[in-house]
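J.: My questions are about this predicted structure, shown below with the sequence.
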Amino acid sequence: GAVVSQHPSRVICKSGTSVKIECRSLDFQATTMFWYRQFPKQSLMLMATSNEGSKATYEQGVEKDKFLINHASLTLSTLTVTSAHPEDSSFYICSARDSGGGQTQYFGPGTRLLVL
Amino acid sequence: AQTVTQSQPEMSVQEAETVTLSCTYDTSESNYYLFWYKQPPSRQMILVIRQEAYKQQNATENRFSVNFQKAAKSFSLKISDSQLGDTAMYFCAYTGANSKLTFGKGITLSVRP
């Protein structure tokens, strides 16, 4: 149980284009999902908290107009990187917290984004 | 604000031996959860073990166990009978009332054959 999927696993795009990443909880409902960014050999950096049916909460320094988050259902959150630039190249990971209780976050497999 | 400290950047252990990974944290909250996550080369974050602060008994999951010292704010992970598949980066993490995870910097564990 507690499986989170993420799609795509890898994406290469041209500078200036937008990229959408999907995060799905497959066997549980998640009113809260989280989006992280991770650089090689470093820890995870929380970008935003995605709340079903309401606006996302962004961490300090994260541009909400650049990283659009939509949490339209209890099993799906999307992160759209708008007008991507090479500095946005990174590994993006989502996690989901089971609405049924508990504070455990279950993670998706991550998306490797390369902006040329 | 809560902080999580993993002071050892790297460790190495011989296959079948036991290794302990250290973690300390700082918080003023009384109710919280602590976790160890494993990130192998695939980069998939995998939950290894979880400890609820109000539980005095140390959590165990097969070969993995923790030494939770609440007063000392210490939360170490012991891996027994180390296997090659245990090679990974390990993150200690904390969550409290705001439900956000605070991670340590991680430790790279290498298991030698």
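T.: Everything's here; your move.

J.: C-alpha from now on. contacts and neighbour counts both.
T.: OK.

J.: gap between the nearest residue to B:E52 once chain neighbours are set aside and B:S99?
T.: Nearest non-adjacent residue to B:E52, counting by C-alpha to C-alpha, 6 or more residues apart in numbering or on different chains: B:Y33, 4.6 Å away. Distance of B:Y33 to B:S99, given as C-alpha to C-alpha, to the nearest Å: 10 Å.

J.: The closest residue in space to B:A16 that isn't next to it in sequence sits in which helix or strand?
T.: Closest residue to B:A16 apart from its sequence neighbours, by C-alpha to C-alpha, 6+ apart: B:D81 at 4.0 Å. According to DSSP states H and E, B:D81 maps onto no helix or strand at all.

J.: mind checking how far the residue nearest the centre of chain B is from chain A?
T.: Residue closest to the average C-alpha location in chain B (C-alpha atoms, centre = their mean): B:W36, at 3.3 Å. Going from B:W36 to chain A by C-alpha to the nearest C-alpha, to the nearest Å gives 11 Å.

J.: Surely that residue and B:T95 touch.
T.: No - B:W36 is beyond contact range of B:T95, at 11.6 Å (criterion: C-alpha atoms under 8 Å).

J.: Get me the contact residues on chain B for chain A.
T.: B:33, B:43-47, B:50, B:91, B:95, B:99, B:103-106 (C-alpha under 8 Å from any C-alpha of the partner chain).

J.: that older thread, any idea how far the residue nearest to B:A16 is from chain A?
T.: For B:D81, the distance to chain A (C-alpha to the nearest C-alpha) stands at 26 Å.

J.: surely that residue meets B:E17?
T.: Yes - under the contact definition of C-alpha under 8 Å, B:D81 touches B:E17, with a separation of 5.0 Å.
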